[in-house]
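Visitor: next one to model:
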Amino acid sequence: MFKERYSNEINRALKWLGVTRVCRDSVEFKWGWFAPRPGFELMFNRGGYFDQTCSFDLCIFWGKLNIKTPFKTKIPESCDTPNYGIQIHNNTFWLHLGGKMNSWEQCDSKWITWDLPIFSWVFDWHKIQLPDGNLAKYTYEDRSKARTESHPYKYKLNSGVTQETMATCFIEERQWHRKWLPFIKMNKRVIDITFNDEVGERSGSWKGGTTGCSYDVKGKETMLECLRRMESERKFK
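Guide: This next block holds a predicted model:
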């Protein structure tokens with residue numbers, strides 16, 4: 001969004017305004033920082049990220065402003081300190097009530113949250129497809145009852161080497177509805193996939209390759225059609 005500039009690249013006019021650095025997504029000042037993004041937040045922070053300076057975060061629908069105060073907390077420097085105020089994110093209203101620092105010098109934060117009506121999704125059910133094509137309630141113990149298919153799967157590494165493995169799949173489906181508007185529903189249908197060997201660029205390393213994943217089913221795709229589309233579209237680390 002912004003062209004990054006360090007202090008030696010900032011002109012006099014910006015320095016007069018207190019600008020010390022321009023980052024890709026924010027502008028830093030001597031007294032805080034500003035980020036041009038949507039949100040809603042009225043917060044008081046007893047310290048920052050390994051910084052004992054108290055500050056305020058202000059955002060009314062757009063543009064987040066962090067303002068440093070001349071006061072410092074007695075709390076030791078930490079990556080997590082008590083916060084107080086209100087905030088909206090992830091379709092949830094948050095009331096932050098501070099918290100106490102523990103023996104690890106981390107904050108055991110206290111808060112109360114409410115899912116926003118109309119905007120929030122409420123989970124309804126999770127089902128798997130049986131051999132007869134019907135859906136049944138999902139439980140971990142009943143995974144073995146699902147209709148499964150196994151197909152060869154090829155993955156081409158950046159080096160040009162092609163990995164070949166077997167992918168065992170079954171279909172699962174989930175449903176949610178809007179809070180306070182139960183007639184508005186959202187369904188997600190995926191294939192759950194388990195590989196019989198690692199795939200991806202990390203295969204054989206200490207980090208390990210991918211041994212399982214899921215992929216969204218489009219329309220009336222079969223498991224094989226969805227798997228083949230993933231084979232051509234998806235990249236693994």
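
Visitor: could you give me the average pLDDT of the longest helix along the chain?
Guide: When the chain is parsed with DSSP state H, its longest helix is helix 223-233. Averaged across helix 223-233, the pLDDT comes to 97.

Visitor: now swap in stretch 199-219 and tell me
Guide: 95.

Visitor: what's it in contact with?
Guide: Here stretch 199-219 makes contact (Cβ atoms under 8 Å, 6 or more residues apart in numbering) with 153, 155, 157-158, 163, 165, 171-172, 188-195, 197-198, 226-227, 229-230, 234, 236-237. Every C-beta, even on glycine, is put in place using the N, C-alpha and C of the backbone.

Visitor: how about stretch 146-160?
Guide: Counting by Cβ under 8 Å, 6+ apart, 128-133, 162-172, 195, 199-201, 223-224, 227, 231, 236 sit against stretch 146-160.

Visitor: so which residues of the chain form strands?
Guide: According to DSSP state E, the chain carries its strands in the segments 19-22, 27-29, 32-45, 53-72, 83-89, 92-101, 107-115, 121-129, 135-137, 148-156, 162-178, 181-199, 210-216.

Visitor: got JSON lines for those, with mean neighbour count too?
Guide: Listed next are the strands of the chain as JSON lines, based on neighbours: other Cβ atoms under 10 Å:
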{"stretch": "strand 19-22", "mean neighbour count": "17"}
{"stretch": "strand 27-29", "mean neighbour count": "18"}
{"stretch": "strand 32-45", "mean neighbour count": "16"}
{"stretch": "strand 53-72", "mean neighbour count": "15"}
{"stretch": "strand 83-89", "mean neighbour count": "16"}
{"stretch": "strand 92-101", "mean neighbour count": "16"}
{"stretch": "strand 107-115", "mean neighbour count": "13"}
{"stretch": "strand 121-129", "mean neighbour count": "15"}
{"stretch": "strand 135-137", "mean neighbour count": "12"}
{"stretch": "strand 148-156", "mean neighbour count": "15"}
{"stretch": "strand 162-178", "mean neighbour count": "17"}
{"stretch": "strand 181-199", "mean neighbour count": "15"}
{"stretch": "strand 210-216", "mean neighbour count": "15"}
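
Visitor: can you tell me the closest non-neighbouring residue to P182?
Guide: The shortest distance from P182 to any non-neighbouring residue, by Cβ to Cβ, 6 or more residues apart in numbering, is to V122 (8.0 Å).

Visitor: outline the domain layout of this protein.
Guide: 31-115, 121-233 (automatic domain parsing).

Visitor: how far does the last one sit from its chain's centre?
Guide: Okay, so that is domain 121-233. Counting by Cα atoms, centre = their mean, to the nearest Å, domain 121-233 is centred 20 Å from the centre of its parent chain.

Visitor: likewise the first one?
Guide: Domain 31-115 has its average C-alpha position 19 Å from the chain's average C-alpha position, going by Cα atoms, centre = their mean.
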